[in-house]
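[1] Give me the fold of what follows.
(chains A and B)
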Protein chains: 2
Amino acid sequence: MKNGTRDGRLAVVSTDLSKAVYAEGVAHLLEALENWSAAEVSLRALAARLEAGTAGGVFAFDPVQAMAPLPRCYQWLDGSTFANHGALMERAFDLGITNEYEKFPLVYQGASDDFIGPCDDVELTSESDNMDFEGEVAVVVDEVPMGTPKERAAAHIKLIMLVNDVSLRALAGREMKTGFGWVQAKPSTSFSPVAVTPDELGDAWVDGRVQLPLQVTRDGGWFGHPNGREMTFNFYRLIEHVAYSRRLRAGTIVGSGTVSNAARSAGSACIAERRAIETLDQGGAKTPFLRFGERVRIEMSDTAGRSIFGAIDQRYVKRGGT
Amino acid sequence: MKNGTRDGRLAVVSTDLSKAVYAEGVAHLLEALENWSAAEVSLRALAARLEAGTAGGVFAFDPVQAMAPLPRCYQWLDGSTFANHGALMERAFDLGITNEYEKFPLVYQGASDDFIGPCDDVELTSESDNMDFEGEVAVVVDEVPMGTPKERAAAHIKLIMLVNDVSLRALAGREMKTGFGWVQAKPSTSFSPVAVTPDELGDAWVDGRVQLPLQVTRDGGWFGHPNGREMTFNFYRLIEHVAYSRRLRAGTIVGSGTVSNAARSAGSACIAERRAIETLDQGGAKTPFLRFGERVRIEMSDTAGRSIFGAIDQRYVKRGGT
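    Numbering: from 1, shown residues only, chains lettered A, B, ... in the order given. Okay, here's the model as predicted:
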């Protein structure tokens, strides 16, 4: 929760997302992740008291007052693990990507110093940069030793959350051609109000994938509901890949990349992919990129229709002068 | 200084690097950077007392006991701002980089969760990954607003230090071809024992460049002494570039990339560049990449021969089992 500090204040939120209580003995989530085995016990106990109605200091949970679960952390790695998305983008736009898709997941290193809260504005410079969103799932790990194989990766996944990987498409192509990856094309990233432990997903967390549809709307209109089950490389393999030559310190976030399905009826979780489909199917991209003032909403519900992470629901606005 | 925590304990070091004293009222450097205007006053006062011999609690400074000045931070961006290096690499190895060099500096986003101390071992997995070093200069900034122009960047540079940008060349090409930048090819990065304020460099800090030779040795033998003055894009332009679409939070590190000079007599600050020169001048690369057990030393002295930052002096070793 927002409290005027850079890391916020850690609260435990009820399963129905209606109420919350501040954690005791731990200031913020990053601190909890650095000492997770102890912190988890007390946080789970507090969650049980919250659900049972026996916790003190309970308050109504307002996602507008939430920061990203980790308002900042020390490392953010984002994959592109849905082969369907990569194939569409490559076929439509001839990006010149060379990757041995069957062997290696695509991953870029993102900036982790300044994440955006779920309902906070995304402040950007210019519509001509072709502002986009990317609906994704991400996991948060504890300490992952260098060389951790995928078989041992599951135990390191402590939390799961949703992402809006804010992207500037007009800048992306130039940066990709350098081979150095994205800097200007990837502004600060947004996250869902709540991060949940994997067990909260029940049967939907299978083999390192969240097998539920991601609901994406643009200015209130349906944009897509692709299901996480079509993730080509799962999170275990992704962690193995990024921990090959270095350890990951506690609180590192690893993202799935844009959720994407082969069925056209699933829609898309980013504008660029819809434009790719339009280019391939209709001979040209029709859907415009975002204008200032537009809203993006990214949410995921369980099979009973209950929102799991709360919604990322934010406006893109023009940044004020510096 | 190492104290068993992830951020270490902040010490002020004498100009001759012989002695040090722990800072009071601030735990570590990242905390100081987040409140620099206040912290700088007390740190400078402590430094003055240390030099005058009136500080209490003075101890002998041992770089072996030093962590990186920032053992971790929230963002690490590394440029490739010496056009000479890029041109050599491109001509020798045909990397397929497309960049409008006259307009845009090359920059990649690095991992900032796990920096290596100046005398600590660089633990890696396999010699066949072609282990290399890269001698660089880096600056540390305070809060940089989005859209900061180069004309306003100088005031945000609070500290300067040296870097060993540890690189795995066998993996670099594949990752560059994806356009997503480096993940496996850039393991954890090492930094000099001491970070200095720009004024400590005197006349050598000119127009956002450190105009001094970087002394690089491999296993005790001269490898190069390229001068920072040939930096094509200076640090001001580099900061403008990376802050185009996002702000940089306090403690962000921005690196120069491998220091490189046009004169062959300057040698190189990384093996890959020497191999490029051998390829171009002698028809083939002769210098091998690092073997486990080899040492790399990176240091910079002022015109009087005094070491400014202390030395990065470390062994590359094979990582133990996980």
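[2] Check the offset of stretch A:14-23 from the chain's centre.
    21 Å (Cα atoms, centre = their mean, to the nearest Å).
[3] Quick check: closest non-adjacent residue to whatever residue of the stretch 101-250 of chain A ends up closest to chain B.
    Residue of the stretch 101-250 of chain A nearest chain B, by Cβ to the nearest Cβ: A:Gly181 (2.0 Å). Every residue, glycine included, has its C-beta placed from N, CA and C. Spatial nearest neighbour of A:Gly181, chain neighbours left out: B:Gly181 (2.0 Å); criterion: Cβ to Cβ, 6 or more residues apart in numbering or on different chains.
[4] give me the element that neighbour is part of.
    Assigning secondary structure by DSSP states H and E places B:Gly181 outside every helix and strand.
[5] If I look at it, what pLDDT would I see?
    pLDDT, B:Gly181: 96.
[6] Show me what the longest helix that chain A contains is packed against.
    For chain A, the helix with the greatest residue count under DSSP state H is helix A:36-52. Packing contacts for helix A:36-52, counted by 3 or more Cβ pairs under 8 Å, 6 or more residues apart in numbering or on different chains; DSSP states H and E, involve strand A:11-13, strand A:19-22, helix A:29-33.
[7] returning to what we had before: verify the contact between the residue of the stretch 101-250 of chain A closest to chain B and A:Tyr108 for me.
    Yes: counting by Cβ atoms under 8 Å, A:Tyr108 is a contact partner of A:Gly181 at 4.9 Å.
[8] Dump the helices and strands packed on helix A:36-52 into CSV; add mean pLDDT, distance to chain B and mean neighbour count as well.
    Putting these into CSV (pLDDT from 0 to 100; distance: least, Cβ to the nearest Cβ, whole Å; neighbours: other Cβ atoms under 10 Å in any protein chain shown) gives the following:
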stretch, mean pLDDT, distance to chain B, mean neighbour count
strand A:11-13, 98, 22, 22
strand A:19-22, 98, 23, 19
helix A:29-33, 98, 10, 22
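[9] Save those as CSV, and put in distance to B:Arg91 too.
    Output for those, formatted as CSV (distance: least, Cβ to Cβ, whole Å):
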stretch, distance to B:Arg91
strand A:11-13, 56
strand A:19-22, 59
helix A:29-33, 45
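[10] low-confidence ranges in the stretch 201-322 of chain A?
    A:321-322 (pLDDT under 70).
[11] What parts of it come near chain B?
    With Cβ under 8 Å from any Cβ of the partner chain as the criterion, the stretch 201-322 of chain A meets chain B at residues A:241-242, A:244-249, A:251-252, A:319, A:322.
[12] Whichever of these count as buried, I'd like them selected in PyMOL; how would that read?
    Selection of buried members from those for PyMOL, criterion 16 or more other Cβ atoms under 10 Å in any protein chain shown:
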select buried, chain A and resi 241+242+244+245+246+247+248+249+251+252+319
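[13] and which of the residues of the stretch 201-322 of chain A next to chain B is nearest to B:Ala47?
    A:Arg249 (30.5 Å; Cβ to Cβ).
[14] Quick one: residues contacting that closest one.
    Counting by Cβ atoms under 8 Å, 6 or more residues apart in numbering or on different chains, A:Arg249 touches A:74-75, A:143, B:6, B:72, B:113-114.
[15] Kindly recompute the last result at 7 Å.
    A:Arg249 makes contacts with A:74-75, A:143, B:72, B:113-114, as judged by Cβ atoms under 7 Å, 6 or more residues apart in numbering or on different chains.
[16] those helices in the stretch 51-200 of chain A, which residues are they?
    Using DSSP state H, counting those that start in this stretch, the helices of the stretch 51-200 of chain A run over A:83-93, A:169-178.
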